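**Student:** A predicted structure for the sequence below; I have some questions about it.
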Amino acid sequence: MRFINLCLSIPNLDTIFFYIIFVITVPAILFSSGDYETLKYYLPALVMAAVTLTEGGKPDIFTNLYPTECSKNTEFSGFLSTNIINGLAIVGILAHSISLAMNTSSITLGLVSGLIIFAITFPMAQQILPYFIREINESIFCPVDRPDCIVPGRWHIYLLGLIFSIFLLIIQYTLLFGFSHYILSSNIKLI
């Protein structure tokens, strides 16, 4: 509880901790160890983590980490944070697409894989993930007709976000594997 009080008294401290750990430290470790494959998948997954933390922390913490609603109340720090995370995700998508196209000599495969990752990362993670978290929370854990929540705390929201993020990553992997196999075996050339 002291951490939440500290985060409430120092603006954007929670966002700063997220950036130090997940945006600077983890990619630096992956980069310095030469694990570029994991880094290419990690950067787009940052969007899902940021959306989950923002939805789970409402209205107290992580409000400026990745605000999904555009309104007059959105602060510049939230706008900046969202665009930095989106930029890192785009770098990861481009690195994955370009390296796959170069390794397989198939621009079509690189393009299709980039489109799949883009579709999972941006529209699904930005729009469907917060909607899923809110709907499941309101229908199962904190129904509108009951003023008290069935589950104390907000841990279940983080768990819902993690479960749906894993589900999105499984869909992404399945689509990438299926389309890669299909494009390489049929030798389709769009470009």
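**Tutor:** Ah, there it is. Numbers count the residues shown, from 1 in each chain.
**Student:** which residues of this protein score low on pLDDT?
**Tutor:** 1-9, 70-73, 144-152, 189-191 (pLDDT under 70).
**Student:** So which elements touch whichever strand or helix holds Ser113?
**Tutor:** Assigned by DSSP states H and E, Ser113 falls within helix 107-119. On a contact count with 3 or more Cβ pairs under 8 Å, 6 or more residues apart in numbering; DSSP states H and E, helix 107-119 meets helix 76-104, helix 155-186. To be clear about C-beta, it is placed using only N, CA and C from the backbone, and glycine gets the same treatment.
**Student:** Determine which stretch of those is the most buried.
**Tutor:** The highest mean neighbour count among the helices and strands packed on helix 107-119, using mean count of other Cβ atoms under 10 Å, belongs to helix 76-104: a mean of 17.
**Student:** Now do that helix: distance to the chain's middle.
**Tutor:** Remark: helix 76-104 is offset 11 Å from the chain centroid, using Cα atoms, centre = their mean, to the nearest Å.
**Student:** quick one, it and helix 155-186 angle?
**Tutor:** 30 degrees (axes from the mean of the first three to the mean of the last three Cα atoms, to 10 degrees).
**Student:** Helix 76-104 - contacts with which helices or strands?
**Tutor:** Here helix 76-104 touches helix 36-57, helix 107-119, going by 3+ Cβ pairs under 8 Å, 6+ apart.
**Student:** and the helix or strand that contains Ile29, what does it pack onto?
**Tutor:** Per DSSP H and E, Ile29 falls inside helix 26-33. Counting contacts by 3+ Cβ pairs under 8 Å, 6+ apart, helix 26-33 packs against helix 36-57.
**Student:** Just the CA atoms from the helix it packs on would do, formatted as CSV, please.
**Tutor:** Only the C-alpha atoms of helix 36-57 are listed here, as CSV (Å, rounded to 0.1, in the frame of the first residue of the first chain):
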residue,chain,number,x,y,z
TYR,A,36,17.8,-10.6,-31.0
GLU,A,37,15.1,-13.2,-31.7
THR,A,38,13.5,-12.7,-28.3
LEU,A,39,13.9,-8.9,-28.6
LYS,A,40,11.9,-8.9,-31.9
TYR,A,41,9.0,-10.6,-30.2
TYR,A,42,9.4,-8.7,-26.9
LEU,A,43,9.0,-5.2,-28.2
PRO,A,44,5.5,-5.7,-29.7
ALA,A,45,4.4,-7.5,-26.6
LEU,A,46,5.2,-4.3,-24.6
VAL,A,47,1.9,-2.9,-25.9
MET,A,48,0.0,-5.8,-24.3
ALA,A,49,1.8,-5.4,-21.0
ALA,A,50,1.3,-1.6,-21.0
VAL,A,51,-2.4,-1.9,-21.8
THR,A,52,-2.9,-4.6,-19.0
LEU,A,53,-1.1,-2.4,-16.4
THR,A,54,-3.1,0.7,-17.4
GLU,A,55,-6.4,-1.1,-17.2
GLY,A,56,-5.5,-2.9,-14.0
GLY,A,57,-4.2,0.3,-12.3
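**Student:** Okay then, goodbye and thanks.
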